[in-house]
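>>> dropping a prediction and its sequence here:
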Amino acid sequence: QLQLVESGGGSVQSGGSLRLSCVASGFTLDLYAIGWFRQAPGKEREGVSCIGSLDETPYYADSVKGRFTISRDNAKNTVYLQMNTLKPEDTAVYYCRAHRAVAGGEYNYWGQGTQVTVSS
């Protein structure tokens, strides 16, 4: 079964840190671009960070630049999102997505999400 599973969410106080993990099963992540997205209650899902399959310079949303770091460990088939200096506005469900474009189409896999709650 092809799937992504996120973990590492939780409740922290403002200024705290969390590290999210996104583990793939049934396929290898090294051929995929991986993105982290988040969705807060009543808001649309937004892109937070992504990293290409060739480890190109990662993208970060302006709201998380300097605080979040995305990385991948292909040996563990895992992508991480290190989140530091968390703010209440970071509260959301965080999802990872694996994307790969191939001739004639593309593959997209989403995880089930992990809740991050930051209290002031």
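Ah, there it is.
>>> show me the shaky parts of the protein.
Applying pLDDT under 70 to the chain flags residues 55.
>>> quick check, central residue of it?
For the chain, the residue sitting closest to the mean C-alpha position, by CA atoms, centre = their mean, is residue 36 at 2.6 Å.
>>> three-state assignment of that one?
The local conformation at residue 36, judged by DSSP: H, G, I helix; E, B strand; the rest coil, is strand.
>>> isn't it right up against residue 49?
Yes. Judged on CB atoms under 8 Å, residue 36 makes contact with residue 49 at a distance of 4.9 Å. Using the backbone N, CA and C atoms, a C-beta is placed for each residue, glycine as well.
>>> give me the common contacts of the two.
Among the neighbours of residue 36, those also in contact with residue 49 (CB atoms under 8 Å, 6 or more residues apart in numbering) are 70, 81.
>>> next helix or strand past the longest strand seen in the chain?
Of all segments of type strand in the chain, defined using DSSP state E, the longest is strand 92-102. Using DSSP states H and E, the helix or strand that directly follows strand 92-102 along the chain is strand 105-110.
>>> would you mind pulling up the elements that whichever helix or strand comes after that next one packs against?
Moving toward the C-terminus from strand 105-110, the next helix or strand (DSSP H and E) is strand 114-119. Other helices and strands packing on strand 114-119, by 3 or more CB pairs under 8 Å, 6 or more residues apart in numbering; DSSP states H and E, are strand 10-13, strand 18-25, strand 92-102.
>>> contacting residues around the residue nearest to the centre of the chain?
20, 22, 47-50, 70, 79, 81, 94-97.
>>> of those residues - the most surrounded one?
Highest neighbour count within those: residue 96, with 31 neighbours (other CB atoms under 10 Å).
>>> distance of residue 43 relative to residue 98?
Separation of residue 43 from residue 98 (CB to CB, to the nearest Å): 23 Å.
>>> which one's more surrounded, these two?
residue 98 (24 against 9).
>>> wait, the more buried one sits on residue 28?
No. Counting by CB under 8 Å, residue 98 stays clear of residue 28, with 9.8 Å between them.
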